[in-house]
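Trainee: Need a 3D model of the sequence below.
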Amino acid sequence: MAVAHTSEIRLKVGLDENRVPEELTWSAEDGGIDNEKAKAMMLSVWDSKNQESLKIDLWTKDMPVDEMKTFFHQTLVTMADTFMKATQDEKMTATMKDFCDYFAEKLELKS
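Mentor: Next up is the predicted model:
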């Protein structure tokens, strides 16, 4: 099957003199996003050839710790939802959601 359309997502990282991220922006034309600022990002890709995930985790040096905790919690919840969509494994999804609840409780995150 031939590719009918391509879509590009762009990430731009502004670094300080020590190569520490100071600014993150992203664009996704198909999603109507153009050069939006972000304070953190996590990107995972699957390398099928080597059977391993590759990742990029970045956050700006002005990312507050309380926001990072919320970012992690929301990312974990999203991962559980994505796992369900991808596998239809209700039992493991429920286990993952239980962990997300535990994580939020231990960090005293507001719902």
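Trainee: can you list contacts of the top helix by length along the chain?
Mentor: Counting residues, the longest helix found in the chain (DSSP state H) is helix 65-87. For helix 65-87, contacts defined as Cβ atoms under 8 Å, 6 or more residues apart in numbering pick out 39-40, 42, 59, 89-90, 92-93, 96-97, 99-100, 103-104, 107, 109. C-beta coordinates here come from the backbone N, C-alpha and C atoms, glycine included.
Trainee: if we go to 10 Å?
Mentor: The list of residues contacting helix 65-87 from outside it, by Cβ atoms under 10 Å, 6 or more residues apart in numbering, reads 38-42, 44, 59, 63-64, 89-90, 92-101, 103-104, 106-111.
Trainee: which ones among those are found in helices?
Mentor: Of these, the ones assigned to helices by DSSP H are 90, 92-101, 103-104, 106.
Trainee: ok so, going back, PyMOL command for the buried members of the contacts of helix 65-87?
Mentor: Only the buried members of these enter the following PyMOL selection, criterion being 16 or more other Cβ atoms under 10 Å:
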select buried, resi 39+40+41+59+63+93+96+97+100+104
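Trainee: Next, give me the two most distant ones among the ones in helices among the contacts of helix 65-87.
Mentor: Maximum pairwise distance in the ones in helices among the contacts of helix 65-87, criterion Cβ to Cβ, is 24.6 Å, between 90 and 106.
Trainee: Just give me the closest of the ones in helices among the contacts of helix 65-87 to residue 33.
Mentor: Among the ones in helices among the contacts of helix 65-87, and counting by Cβ to Cβ, the member closest to residue 33 is residue 100, at 26.0 Å.
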